[in-house]
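1. Give me coordinates for this.
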Amino acid sequence: MNEKLWEQIEMDTLTSRLHAIGNRPNNPLGVSIQSFGQTMAYTVKNIPGPAFNVIKGFCAEDELLLDKIIDWYDEKHIPARFEIAPSHYSRSLLKALHKRGFYQTDFHTTLYKQLPDTIKPVNHAIEIRTLRQDEFQTFADIYIQGFQMPSFLLEDVAQNNAVLYPLPEWKFYLTLVNHEPAGIGVLFCNEKGANLAAAATLPAFRQKGGQSALIQQRMQHAQEIGCKWIAGQASYGSVSQRNMERAGMRVAYTKAIWVRDEIIKRK
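-> Numbering: from 1, shown residues only. Model (predicted):
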C-alpha cells in the first residue's frame, strides 16, 4: 500500500480538472492553483464550498510554509481547508494548525484496489454507455439532483465537465433504466493509475445497483487501458464507501479535515 501514490492520483485528478476549468475564456470562475513545497492549494472563487477550495498533500516537510499557505487563502477571502493524510501527520504540524485557529471537523476516506488481469463482468441488467458530448445538460441535471445542489449551478456544472470531455485522461458514463437517464460516473486515468472521480444517481433510481455497476465499468476500462491501480474517495462511512468496498476496494487511509471558523488577518 502506498499512501503517497493514492494522494498523488487524487491531486492529479483535481489539478487536471481545475486547469481545464481555469482555461475557459477569461477564467470566469476564478480558478487559482499554487504549490507550496509538496503541498497543492486550490481555490475557485466563484464556486464556494470545500470541493475545489482545499489544500492537499500538506505534510511535515512543509510546516514552515504554513503561514504562506494561510495568507494565500486569506488574501482571496476564501477559508483554508486542510486535508491531512495519516502518512503526513506529525504532532508539530497539528499543533501548528491549532495555534493558528484550526481544528479538526470531519473525516474523508480514500480507498484503493490493485486491478487484476480480468475484471468481474459488469451487471448487464444495468444499461451503461459512454456519455455523448451533447449530453452534459443531462449530466449536470443528474449531478445537481444527486448531490442536492441548488439548480442555479446547473449550467456551471455542465460547462465545467464538458471542458474535460476532449481530454484523454477523462471518461464519462451514463446509466439508464428503461432507457431513461438515471446516473452518471466519471473516471480519471493517467500513468500513475485511475481514480473514481465522481458519481451520482437520481433519487428515484437509487438502490438498484447502478453505482455498483458504474464502479465495475470504470474498473474494467482502467484495466483495459493498462492501469494497475484504481483509487476512490468518499465521505467516511457513506453509501459510496460501502459500494467501493463491495467492489473489492480497501480503505487506504482516512484523512482528517481541518478548518477555521473565520479568516484571521495576522499583522
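
2. which residue ranges form the strands in the stretch 151-267 of the chain?
-> Ranges of strands within the stretch 151-267 of the chain are 170-177, 180-190, 193-201, 229-235, 250-259, based on DSSP state E, counting those that start in this stretch.

3. Can I get those strands in TSV including distance to I69, mean pLDDT and mean neighbour count?
-> From N, CA and C alone the C-beta is placed, and that goes for glycine too. Listed next are the strands of the stretch 151-267 of the chain as TSV, based on distance: least, C-beta to C-beta, whole Å; pLDDT from 0 to 100; neighbours: other C-beta atoms under 10 Å:
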stretch	distance to I69	mean pLDDT	mean neighbour count
strand 170-177	28	96	20
strand 180-190	25	96	22
strand 193-201	24	96	25
strand 229-235	21	95	22
strand 250-259	12	96	18
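
4. Can you check which of these gets nearest to D106?
-> With C-beta to C-beta, the closest approach to D106 among the strands of the stretch 151-267 of the chain belongs to strand 250-259: 4.0 Å.

5. What strands flank that closest one, and is each parallel or antiparallel?
-> Taking DSSP bridges as the criterion, strand 250-259 forms sheet pairs with strand 82-84 (antiparallel), strand 103-114 (antiparallel).

6. And the ones you listed: which comes nearest G210?
-> Of all those, strand 103-114 comes closest under C-beta to C-beta, at 18.7 Å.

7. who does the helix or strand following that closest one touch, helix- and strand-wise?
-> Beyond strand 103-114 in the direction of the C-terminus, DSSP states H and E gives the next helix or strand as strand 127-130. Applying 3 or more C-beta pairs under 8 Å, 6 or more residues apart in numbering; DSSP states H and E, one finds that strand 127-130 contacts strand 170-177, helix 210-224.

8. Give me the contact list for the longest one.
-> Translated: helix 210-224. 113, 115-123, 126, 128, 171, 173, 175, 177, 182-183, 185, 187, 189, 193-194, 196, 199, 201, 230, 232, 239-240, 243-244, 246-247 (C-beta atoms under 8 Å, 6 or more residues apart in numbering).

9. What residues sit buried inside that helix?
-> Residues of helix 210-224 classed as buried by neighbour count (16 or more other C-beta atoms under 10 Å): 210-223.

10. from what I can see K45 touches K76, true?
-> Yes - with contact defined as C-beta atoms under 8 Å, K45 counts as touching K76 (6.6 Å).

11. Identify the contacts common to those two.
-> Taking C-beta under 8 Å, 6+ apart as the criterion, K45 and K76 both touch S32.

12. which residues does I257 form a beta bridge with?
-> With DSSP bridges as the criterion, I257 is bridged to E83, D106.

13. residues in contact with it?
-> 50, 81-84, 104-108.

14. Least confident of these?
-> Lowest in pLDDT among the contacts of I257 is P50, which has 89.

15. Name the nearest residue to it, ignoring sequence neighbours.
-> R81 (5.3 Å; C-beta to C-beta, 6 or more residues apart in numbering).

16. I225 too?
-> C189 (6.2 Å).

17. who are the neighbours in contact with the residue nearest the centre of the chain?
-> Centroid check for the chain by C-alpha atoms, centre = their mean gives A197 as the closest residue, at 5.3 Å. The neighbourhood of A197, defined by C-beta under 8 Å, 6+ apart, consists of 13, 17, 170, 186-188.
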